[in-house]
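Participant: Predicted model follows, preceded by the sequence.
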Amino acid sequence: MSKARKQATAAEVAAAFPLSTYLSERSRWIDQALRRFLPSPGTKPATIHRAMHYSLFAGGKRIRPILCLAAAEACGGDPRDAMPLACAVECIHTYSLVHDDLPAMDNDDFRRGRPTCHKVFGEGIAVLAGDALLTVAFEIAAQCRGWPRYPHQRIILELAHAAGSRHLIAGQVADLESEGKSIPIHELRFIHQRKTSALLCCAVRLGGMSANCTPAQLNALTHFGMQVGLAFQVIDDILDITQPSEKLGKTAGKDIQAQKATYPAIVGLERSKQIAEHLTRKAFEALLPLGTRAAALHALADYLLRRDR
Ligand code: GRG
């Protein structure tokens, strides 16, 4: 089948995809699993467990864990096998938001539509809640089944790599250091690749690994995850200036206020939209080797491009 025909078939399947049911059902499964994996809010010392639950169950979109489950299905796997890995990624993501909101970092008062963790529990507990979410992520991931091509060691390395000082934290460092400076577009891409793409791509790759995917499937998922991750951050930059705080659930306009380098600030709003569309088209192309089983991933990438929060 030609590349154009294959792409049309995948797009047709994705267009008929019941995305809103898929999103609400997967979010519910993820919430149930997170509650099973985490110590209950009453576990002593209750303050730290209440703070972890407060941030984790504050109404996040659950994009990363849903992508993880969809990647498992795209490789013929069972989403239940991917669940510990999906939950681990969501815990790491939430930790990064809790720490990012601290006065020493972005100093934000609102996140996920409610006061930030440090506003409710104080800075000390917020630092510890972030630390505990990062730690519990590895505890949860270690409970996965392990697969012939991807034993536990490989899974833990994958997570540690994405969350570490060469990826997620590297992006945050470069982001902090670029504040108030004019930086070239390739430097901004470096920040986005690390701050956003790395963990999102890791979620997708871990989903594939939970299906014991082939190296070719992992390669396709990696390309998909990187393009979608970059598109996600470009859209995030756009939404920061086009949507009100109530819609975003966090303070809008913070990027301009903090003099952050963003795609709209460097190339303008229209060009930024074109870049996000181009990255999403590349993400669709990356899915071609996975065939129609990747319909959910295709529909998710399309949704992420069009999202308004
Ligand atoms: C180690 C002290 C220390 C801090 C780490 C790494 C880090 C702090 C922060 C990076 C976090 C960050 C703001 C990344 C940008 C990615 C992004 C757009 C996050 C928002 O993701 P959504 O929209 O959020 O999926 P929800 O709330 O829906 O889950």
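Facilitator: All right, it came through fine.

Participant: how about the residues of this structure that lie near the ligand?
Facilitator: Proximity of the chain to the ligand (Cβ under 6 Å from any ligand atom) is limited to residues 60-61, 63, 93, 96-97, 99-100, 112, 168-169, 172, 195-196, 233, 236. (C-beta placed from N, C-alpha, C; glycine too.)

Participant: Which of these sits closest to Pro79?
Facilitator: Nearest to Pro79, judged by Cβ to Cβ, of the residues of the chain next to the ligand is Ile63 at 15.2 Å.

Participant: Am I right that Thr43 sits in a helix?
Facilitator: No: if the criterion is DSSP: H, G, I helix; E, B strand; the rest coil, then Thr43 is coil and not within a helix.

Participant: rewinding a little: just the ones of the residues of the chain next to the ligand in helices?
Facilitator: Among the residues of the chain next to the ligand, the members found in helices (DSSP state H) are 63, 93, 96-97, 99-100, 168-169, 172, 233, 236.

Participant: now those residues in JSON lines, with pLDDT and neighbour count?
Facilitator: Putting those into JSON lines (pLDDT from 0 to 100; neighbours: other Cβ atoms under 10 Å) gives the following:
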{"residue": "Ile63", "pLDDT": "98", "neighbour count": "21"}
{"residue": "His93", "pLDDT": "98", "neighbour count": "23"}
{"residue": "Ser96", "pLDDT": "98", "neighbour count": "22"}
{"residue": "Leu97", "pLDDT": "98", "neighbour count": "20"}
{"residue": "His99", "pLDDT": "98", "neighbour count": "22"}
{"residue": "Asp100", "pLDDT": "97", "neighbour count": "18"}
{"residue": "Leu168", "pLDDT": "98", "neighbour count": "23"}
{"residue": "Ile169", "pLDDT": "98", "neighbour count": "16"}
{"residue": "Gln172", "pLDDT": "94", "neighbour count": "19"}
{"residue": "Gln233", "pLDDT": "97", "neighbour count": "23"}
{"residue": "Asp236", "pLDDT": "96", "neighbour count": "19"}
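
Participant: can you redo those as TSV with distance to Leu157?
Facilitator: Shown next, in TSV, are those (distance: Cβ to Cβ, whole Å):
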residue	distance to Leu157
Ile63	23
His93	19
Ser96	19
Leu97	24
His99	22
Asp100	24
Leu168	15
Ile169	16
Gln172	21
Gln233	24
Asp236	28
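
Participant: Just list the residues touching the residue in the chain positioned nearest to the ligand, thanks.
Facilitator: The ligand sits closest to Gly60 of the chain, with a gap of 3.1 Å, by Cβ to the nearest ligand atom. Gly60 sits next to 90, 93-94, 97, 112 when contact means Cβ atoms under 8 Å, 6 or more residues apart in numbering.

Participant: Check Cys68 too.
Facilitator: Applying Cβ under 8 Å, 6+ apart, we find Cys68 in contact with 82, 85-86, 89, 203-204, 206-207, 210.

Participant: let's see it at 7 Å
Facilitator: Counting by Cβ atoms under 7 Å, 6 or more residues apart in numbering, Cys68 makes contact with 82, 85-86, 89, 203-204, 206-207.

Participant: so of the residues you listed, which ones are in helices?
Facilitator: Assigned to helices by DSSP H, the following of the contacts of Cys68 qualify: 82, 85-86, 89, 203-204, 206-207.

Participant: which one of those is nearest Ala286?
Facilitator: Of all the ones in helices among the contacts of Cys68, Ala286 sits closest to Val204, with 10.1 Å by Cβ to Cβ.

Participant: Name all residues that make contact with the residue lying closest to Phe37 once chain neighbours are set aside.
Facilitator: Nearest residue to Phe37, sequence neighbours excluded (Cβ to Cβ, 6 or more residues apart in numbering): Ile140, at 4.7 Å. Neighbour list for Ile140: 37, 84, 87-88, 91 [criterion: Cβ under 7 Å, 6+ apart].

Participant: Dump the C-alpha coordinates for the helix or strand in which Ala301 is found into CSV.
Facilitator: Following DSSP states H and E, one finds Ala301 within helix 295-306. As requested, the backbone C-alpha atoms of helix 295-306 are provided in CSV (Å, rounded to 0.1, in the frame of the first residue of the first chain):
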residue,chain,number,x,y,z
ALA,A,295,-5.9,4.9,15.6
ALA,A,296,-6.1,6.0,19.3
LEU,A,297,-2.6,7.5,19.1
HIS,A,298,-3.5,9.3,15.9
ALA,A,299,-6.7,10.6,17.4
LEU,A,300,-4.9,11.8,20.5
ALA,A,301,-2.2,13.7,18.6
ASP,A,302,-5.0,15.4,16.6
TYR,A,303,-6.8,16.3,19.9
LEU,A,304,-3.6,17.7,21.4
LEU,A,305,-3.2,20.0,18.5
ARG,A,306,-6.7,21.3,18.8
